[in-house]
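> For reference, the sequence and a predicted model appear below.
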Amino acid sequence: MHTKDNFKSIGSSGLREKISSDIQQHAEKFKDPVVLGELVYQLIEERENTNRILKTLLARLDSLEQRLAGGKGEEALIPETDEKIMEFVRSRGKATAEEVQAEFGYKGKNGASSRLNRLGSLGLLSKRQVGRKVFFLPQ
């Protein structure tokens, strides 16, 4: 009851002045470029964390979808070249894009890498990075 009396004694104009004063104090902080820089840095870090979380969630969702599709007895249909690449990876136990490039005569590493990544996204290969090399392993 005592606090209610305090608010009555301040009145609505006193309360407005107090709130206005608080807002002005905080607004002064935002004029400092260091404070703004820190806020931007924290926003960037938070966005990166959110992107990491979303990427993990999407990968898990894809994995679940593939398991569900696999559970129904559905087999992924892939082009003949991809089947040969799968046989190559199985025979070696693991392969890099450079090895696939050399074996299948791709002009550049991007073509081989694209094929391997597609097979990985279908759940037929898993991808492991060791240092600067990326290895694809049969599932």
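All right, it came through fine.
> got the buried residues for the longest helix seen in the chain?
Taking DSSP state H as the criterion, the chain has its longest helix at helix 33-71. Going by neighbour count (16 or more other CB atoms under 10 Å), the buried part of helix 33-71 is Q66. The C-beta positions use only the backbone N, C-alpha and C, and glycine is treated the same way.
> heading toward the C-terminus, what's the first helix or strand past that helix?
Downstream of helix 33-71, the first helix or strand assigned by DSSP states H and E is helix 80-92.
> how about the CA coordinates for stretch 85-102, as PDB?
This file holds the C-alpha atoms of stretch 85-102, laid out as PDB (Å, rounded to 0.1, in the frame of the first residue of the first chain):
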ATOM      1  CA  ILE A  85      31.800 -43.900 -58.600                       C
ATOM      2  CA  MET A  86      30.100 -45.800 -55.700                       C
ATOM      3  CA  GLU A  87      31.800 -49.000 -56.800                       C
ATOM      4  CA  PHE A  88      35.200 -47.200 -56.900                       C
ATOM      5  CA  VAL A  89      34.700 -45.700 -53.400                       C
ATOM      6  CA  ARG A  90      33.600 -49.100 -52.000                       C
ATOM      7  CA  SER A  91      36.600 -50.900 -53.600                       C
ATOM      8  CA  ARG A  92      39.000 -48.500 -52.000                       C
ATOM      9  CA  GLY A  93      37.200 -48.000 -48.700                       C
ATOM     10  CA  LYS A  94      37.400 -44.200 -49.100                       C
ATOM     11  CA  ALA A  95      38.100 -41.700 -51.900                       C
ATOM     12  CA  THR A  96      38.800 -38.000 -52.400                       C
ATOM     13  CA  ALA A  97      37.500 -35.800 -55.200                       C
ATOM     14  CA  GLU A  98      41.000 -35.700 -56.700                       C
ATOM     15  CA  GLU A  99      41.100 -39.500 -56.900                       C
ATOM     16  CA  VAL A 100      37.700 -39.700 -58.500                       C
ATOM     17  CA  GLN A 101      38.800 -36.900 -60.900                       C
ATOM     18  CA  ALA A 102      41.800 -38.900 -62.000                       C
END
